[in-house]
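Enquirer: here is the input, now give the coordinates:
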Amino acid sequence: MVILIMAWRNIWRNKMRSIVIILSVAVGLFAGIAILALYQGMMKSRVRTVIDAEVGHLQIHDINFKKDYESKFVLKNGAAILRAVNLIPGVKLAAARSITTGMLSTTTGSAGVQINGIIPQLEYGISQLKRKIIKGKAFDPAKNNEIMIGQKLATKMKLKVRSKLVLTFTDTSDNMVSGAFRVAAIYKSDNTPLDEKNVYVTMTDLNTLLGISGGFHEVIILLKNDQDVKKIQLALKQKFPAYQVESWREISPETDFMVKTTDQYSYIIMVIIMFALAFGIVNTMLMAVLERTREIGMMMALGTNRLKVFSLIFLETIFLTLAGTPVGVLIGWGASTYFNKHGLDLSGMGRDMMSSFGFGTMVYPEFPADKLLAVLLIVAGTAVISCIFPAIKAVKLQPVDALRR
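Expert: Down below sits the predicted model:
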């Protein structure tokens, strides 16, 4: 108890130095929490984009379709599958797509694309395609052979609204077919690589060229609750064992990998920040020990054992480190809460650069409450590591030599 009181009083003998260390710990902890919150917000935003605007929660295909995207592998009894999916509790929306790969050609050149035949009203809800339009208008039910293309592809191929182009691909009989289309709209999403690859036409127009009448290749599904993915995926696999049922994690493995590894990277950055901070704490405590050499020598001469001297320096370091912890956590929580509500605009980093990795420029950081225990353990570890060298230095002092200084 006496050692505790002495340790607490000792850290306030030089108030300015102690306050500087406490603030350093608070700033370091805030920086670590800010990084965790930013990464967590970015990953959540990316997952939401993947689910709500790209691939949905689940997709159903013929088991052979995704090997080469051959148009002959349509979903047999597709209409019945779509009806059955919509009847499953937990399903928010399901839409059908006809898909093939081919060449988009203009007078300026050609590019390989994935051609998505959609039912416009369903697609607008499943992938927010209508909201992504930056030029032109959505599909007109009274017009045929309209197409929507991404801004990146439009720039590359020098296309504008109302421009004409030709799509060439193989039909279900492996015959080459072509169709002339007119650009109805240009869209832009938060994923530039996908914008460059995907074009959208109506399912009626594409199916006519493919020769598959009312068939389609894909059912994309949005759920009411993210946590139901595995349960409903299992139910669909049991109901349709002859088809391939994939979750967004399997369809977009790079996003799943990014989510899983981001926590590791953020912890590494946190450790680096605290490791750098440890040098400042070590320097301060070493100065404190050297300034009190005679005092420590007197204590040891009067019978204070080396364990108590070690404990004294250890406790002083712990007190200094832990005093800054609640301040850092509070500031981190306040900043995270504010930006989670109002958003953090990262457009200064470049919209094109962010979208090339599939991220939007507006991020909503989230306070990493689930990681707080790990953060506090890192802080505690920093305090323990920081005290070892100064404490050993104090313990090694010889009373006689210390009193002569």
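Enquirer: gap between the closest residue to Asp228 other than its chain neighbours and Leu58?
Expert: Spatial nearest neighbour of Asp228, excluding adjacent residues (Cβ to Cβ, 6 or more residues apart in numbering): Gly90 at 4.6 Å. Any C-beta I mention is one placed from the backbone N, CA and C, and that applies to glycine too. Distance, Gly90 to Leu58, using Cβ to Cβ, to the nearest Å: 11 Å.
Enquirer: just Thr337 next, same as before
Expert: Thr337 is 33 Å from Leu58, by Cβ to Cβ.
Enquirer: these two - which one has more neighbours?
Expert: When neighbours are counted by other Cβ atoms under 10 Å, Thr337 and Leu58 differ, and Leu58 comes out ahead with 25 against 14.
Enquirer: hang on, that one packs against Leu223?
Expert: Yes. Using Cβ atoms under 8 Å, Leu58 is in contact with Leu223, at 7.4 Å.
Enquirer: so what sits against both of these two?
Expert: Shared contacts of Leu58 and Leu223 (Cβ atoms under 8 Å, 6 or more residues apart in numbering): 229, 232.
Enquirer: re the thing from before, identify the contacts common to Gly90 and Leu58.
Expert: 223, 232.
Enquirer: what is the burial count for the residue nearest to Asp228?
Expert: Gly90: 15 neighbours (other Cβ under 10 Å).
Enquirer: again, but for Ser347
Expert: 10.
Enquirer: how near is it to Gln151?
Expert: Counting by Cβ to Cβ - Ser347 and Gln151 are separated by 16 Å.
Enquirer: tell me where this protein has strands.
Expert: Assigned by DSSP state E, the chain shows strands spanning 58-62, 91-106, 109-118, 133-136, 146-150, 164-170, 176-187, 198-202, 218-223, 243-247, 344-345, 362-363.
Enquirer: give me whichever of those strands is most buried.
Expert: strand 146-150 (a mean of 25; mean count of other Cβ atoms under 10 Å).
Enquirer: what about stretch 168-175, average pLDDT?
Expert: For stretch 168-175, mean pLDDT rounds to 90.
Enquirer: need the contact partners of it.
Expert: Taking Cβ under 8 Å, 6+ apart as the rule, stretch 168-175 contacts 70-72, 74, 100-103, 105, 115, 176-178, 209-212.
Enquirer: then stretch 33-53?
Expert: In contact with stretch 33-53 (Cβ under 8 Å, 6+ apart) are residues 57, 127-128, 132, 189-191, 222, 226, 248, 252, 255, 258-259, 262-263, 265-266, 269-270, 328-329, 332-333, 335-336, 339-340, 344, 358-360, 363-368, 371, 375.
Enquirer: tell me the buried residues within those.
Expert: The neighbour-count test (16 or more other Cβ atoms under 10 Å) marks 57, 127, 132, 189-191, 222, 248, 252, 255, 258-259, 262-263, 266, 270, 328-329, 332-333, 335-336, 339-340, 344, 358-360, 363-368, 371, 375 as buried among those.
Enquirer: pLDDT value on the closest residue to Ala235 other than its chain neighbours, please?
Expert: Nearest residue to Ala235 in three dimensions, chain neighbours excluded: Ile88, at 6.7 Å (Cβ to Cβ, 6+ apart). Per-residue confidence (pLDDT) for Ile88: 91.
Enquirer: neighbours around Ile88, how many?
Expert: For Ile88, using other Cβ under 10 Å, the count is 15.
Enquirer: kindly provide the distance from it to Gln227.
Expert: Relative to Gln227, and taking Cβ to Cβ, Ile88 is found at 15 Å.
Enquirer: now swap in Val74 and tell me
Expert: 32 Å.
Enquirer: now do Lys44
Expert: Counting by Cβ to Cβ, the gap from Lys44 to Gln227 is 14 Å.
Enquirer: same question, Gly179
Expert: In terms of Cβ to Cβ, Gly179 sits 42 Å off from Gln227.
Enquirer: can you get me a residue count around Thr108?
Expert: With other Cβ under 10 Å as criterion, Thr108 counts 10.
Enquirer: apologies, that question was intended for Phe65.
Expert: 20.
Enquirer: ok, and the closest non-adjacent residue to it?
Expert: Phe73 (4.0 Å).
Enquirer: in contact with the closest residue in space to Val166 that isn't next to it in sequence, which residues?
Expert: Distances taken as Cβ to Cβ, 6+ apart place Ser105 nearest to Val166, at 4.6 Å, with adjacent residues excluded. By Cβ under 8 Å, 6+ apart, the residues touching Ser105 are 165-168.
Enquirer: next one, pLDDT for the residue most central in space within the chain please.
Expert: Centroid-nearest residue in the chain: Met43, 1.4 Å away (criterion: Cα atoms, centre = their mean). Met43 is assigned 86 on the pLDDT scale.
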